[in-house]
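Enquirer: Return a 3D structure for these sequence lines:
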Amino acid sequence: MKKSILSLASALLIAFSANAQKVEFEEYKLDNGLHVILHQDKSAPVIITSVMYGVGGKDGDRKRTGFAHFFEHLLFEGTKNIKKGDWFKIVSSNGGRNNANTSQDRTYYYEIFPSNKLELGLWMESERLLHPIIKQEGVDIQNEVVKEEKRQRTRPYSNLLPEISKNIFKVHPYKDPNVGYMDHLDAATLEEFLAFNKKYYVPNNATLVVAGDMDIASTKKMIEDYFGPIPRGEEVVRTFPKEEPITKEFKAKAYDENIQIPAIVAAYRTPSFKTRDSKVLDMISTYLSGGKSSVLYKKIVDKKKMALAVQAANVSQQDYGVYALFGIPLGKTPLMDLIKEIDEEIVKIQTDLISERDYQKIQNQFENNYVNSNSSVVGIANSLARYHVMYGDTNLINSEIDIYRSITREEMREVAKKYLNKNQRLILEYLPKKK
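Expert: Numbering: from 1, shown residues only. The predicted structure is shown next:
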């Protein structure tokens, strides 16, 4: 009876996500190369205007790291028609809110307004693209802002991924932190910032998403009026060096003054999130540590009481990914004992098929994540931009779940055997540092 109820619940969830959650959208390009995606949703009087640029921490001169993150701040400084310091005032005084974020691969700006402020949102983003004010005064101010932001990053273990990346990537720009090195920013000239803006913040390296309560025809006209006149830029060409495969386990140590308990990580270099194998690794992660009923939690935290926390994470990016197995010991548990326990579970996945019940549980979790990701117009706007800019396929917002549904237990075994071997990894000890 239990199995029947589980199967029925799974079937209902799949049916709901397949039928009720399809995201309708329209996409086209302006003559200057700006990619436009429109998603109409009249369920609430809200509109999102957002722009995702194909520029992130990996881009730019390696002697001038952190420019994309710096520009995330700098491009709020003001424009030809928006006075310095007025950007946030304009947004809030019109009932809106806005934000931006930068990864190694892209930068995303967005505004959320009442739907009658659509034109304001479009105008502001076109101003950011066409008329940014980049002067030495603004550069100096934002340099201090970025430094202060870095100083305030005191969350325990928050520097773990940059330390993994620094060691696991030898030549690819992912080896450098997304926020860059402060001495690089200090040494940068105004001319270098202007050149970076001219190269990457151009319509043919940008995707505009408008989502929410709007009239399609009038929205298209406003987009043409505000963005159409912006000149096309030079095409962005990237030729990043390729990483050699890891063929022998190696070790490193990193120190963090914001932790009191050490951590241990086994990290593997994995393929781009565009690949099917990356999605299989997502499923393996969920099997290993997706909740308190997961394999690693039940064994190492709950039953053996060897760890305070344990996690498997597939941190996949556009060019390469990192698969990390992470543990924080309980009491005097030796760090390598945690790795030994984790390795036993990896070998099981590589040797035997996971149970049908566990497989179905993973599928249910992915179905639930899919439904949740498309449950708000804000989330939909982000996903539409991300799938186009990062994957080159906007319709993955609807079809990616089908890829996960099609992944088999046999594939999980084969992918674990392909990527998660001891001779392919970094062992990183993440240790407390005295202040």
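Enquirer: got a list of what the closest residue to residue 57 other than its chain neighbours touches?
Expert: Nearest non-adjacent residue to residue 57, counting by Cβ to Cβ, 6 or more residues apart in numbering: residue 178, 3.6 Å away. For every residue, glycine as well, the C-beta is placed using N, CA and C. The contact partners of residue 178, by Cβ atoms under 8 Å, 6 or more residues apart in numbering, come to 56, 57, 66, 68, 69, 102, 103, 104, 162.
Enquirer: let's see it at 7 Å
Expert: Contact partners of residue 178, counting by Cβ atoms under 7 Å, 6 or more residues apart in numbering, are 57, 69, 102, 103, 104.
Enquirer: what about it, distance to residue 161?
Expert: Taking Cβ to Cβ, to the nearest Å as the measure, residue 178 falls 9 Å from residue 161.
Enquirer: Pull out the buried positions in whichever strand or helix holds residue 252.
Expert: For residue 252, the host element (DSSP states H and E) is strand 250-256. When neighbours are counted by 16 or more other Cβ atoms under 10 Å, the buried residues of strand 250-256 are found to be 252, 254, 256.
Enquirer: quick one: average confidence on that strand?
Expert: For strand 250-256, the mean per-residue pLDDT is 97.
Enquirer: List the contacts of stretch 77-97.
Expert: Contacts for stretch 77-97 (Cβ under 7 Å, 6+ apart): 76, 98, 111-114, 117, 120, 127-128, 131-133, 138, 142.
Enquirer: Quick check: chain neighbours aside, which residue is closest to the residue positioned nearest the centre of the chain?
Expert: For the chain, the residue sitting closest to the mean C-alpha position, by Cα atoms, centre = their mean, is residue 103 at 6.1 Å. What sits nearest to residue 103 in space, not counting adjacent residues and going by Cβ to Cβ, 6+ apart, is residue 56, at 5.2 Å.
Enquirer: re earlier: helices or strands up against the strand holding residue 252?
Expert: Helices and strands touching strand 250-256, by 3 or more Cβ pairs under 7 Å, 6 or more residues apart in numbering; DSSP states H and E, are strand 425-432.
Enquirer: Backbone torsions only: list them for residue 309.
Expert: phi -150, psi 150 (degrees, to the nearest 10).
Enquirer: can you check residue 38 too?
Expert: phi -120, psi 130.
Enquirer: what's the answer for residue 45, then?
Expert: Torsion angles, degrees, to the nearest 10, at residue 45: phi -80, psi 60.
Enquirer: Residue 64 versus the residue nearest to residue 103, what's the distance?
Expert: 14 Å.
Enquirer: related to what we said a few turns ago, can you tell me the element the residue nearest to residue 57 falls in?
Expert: Judged by DSSP H and E, residue 178 forms part of no helix or strand.
Enquirer: Could you list the single helix or strand in the chain with the lowest mean pLDDT?
Expert: helix 2-20 (a mean of 41; mean pLDDT, DSSP states H and E).
Enquirer: Give me the three-state assignment for the closest residue to residue 223 other than its chain neighbours.
Expert: Distances taken as Cβ to Cβ, 6+ apart place residue 36 nearest to residue 223, at 5.9 Å, with adjacent residues excluded. Under DSSP: H, G, I helix; E, B strand; the rest coil, the three-state class of residue 36 is strand.
Enquirer: ditto for residue 364
Expert: Strictly by three-state DSSP, residue 364 counts as helix.
Enquirer: number of nearby residues for it?
Expert: As a burial measure, residue 364 scores 15 neighbours (other Cβ atoms under 10 Å).
Enquirer: can you check residue 85 too?
Expert: Neighbour tally, residue 85, other Cβ under 10 Å: 10.
Enquirer: Backbone torsions only: list them for it.
Expert: Dihedral angles for residue 85 - degrees, to the nearest 10 - are phi 90, psi 0.
Enquirer: Tell me, how many residues neighbour the residue nearest to residue 103?
Expert: 25.
Enquirer: and it, what pLDDT?
Expert: 98.
Enquirer: Okay, helices next: where are they in the stretch 51-200 of the chain?
Expert: With DSSP state H, counting those that start in this stretch as the criterion, the stretch 51-200 of the chain has helices at 67-74, 87-93, 118-130, 136-151, 160-168, 182-187, 190-200.
Enquirer: just those helices: most buried one?
Expert: helix 67-74 (a mean of 24; mean count of other Cβ atoms under 10 Å).
Enquirer: Determine the set of other helices and strands touching that helix.
Expert: By 3+ Cβ pairs under 7 Å, 6+ apart, helix 67-74 packs against strand 97-102, strand 107-114, helix 136-151, helix 190-200.
Enquirer: what separates it from the chain centre, distance-wise?
Expert: 17 Å (Cα atoms, centre = their mean, to the nearest Å).
Enquirer: List the contacts of that helix.
Expert: Here helix 67-74 has contacts from 55-57, 59-60, 100-102, 107, 134, 138-139, 142, 145-146, 178-180, 185, 196-197, using Cβ under 7 Å, 6+ apart.
Enquirer: now stretch 110-127
Expert: 45-51, 79, 81-82, 91, 94-99, 109, 208, 212-214, 219, 222-223, 226-227, 230, 378, 381.
Enquirer: How about the contacts made by the closest residue to residue 188 other than its chain neighbours?
Expert: Among residues not flanking residue 188 along the chain, residue 64 sits closest, at 5.5 Å (Cβ to Cβ, 6+ apart). Residue 64 sits next to 184, 188, 192 when contact means Cβ under 7 Å, 6+ apart.
Enquirer: so the first one touches residue 66, yeah?
Expert: This means residue 184. Yes - using Cβ atoms under 7 Å, residue 184 is in contact with residue 66, at 6.1 Å.
Enquirer: tell me which element the closest residue to residue 52 other than its chain neighbours is part of?
Expert: Of all residues not flanking residue 52 in the chain, residue 385 sits nearest, at 3.9 Å (Cβ to Cβ, 6+ apart). Using DSSP H and E, residue 385 falls within helix 377-386.
Enquirer: Downstream of that helix, the next helix or strand is which one?
Expert: Going down the chain from helix 377-386, the next helix or strand is helix 396-406, by DSSP H and E.
Enquirer: got the end-to-end distance for stretch 377-394?
Expert: 15 Å (Cα to Cα, to the nearest Å).
Enquirer: For it, which residues meet the burial criterion?
Expert: 377, 380-391, 394.
Enquirer: So which residues make contact with that stretch?
Expert: So stretch 377-394 is contacted by 23, 25, 27, 35, 37, 39, 41, 46, 48, 50, 52, 54, 105-106, 108, 110, 112, 207, 209, 211-212, 274, 318, 373-374, 396-397 (Cβ under 7 Å, 6+ apart).
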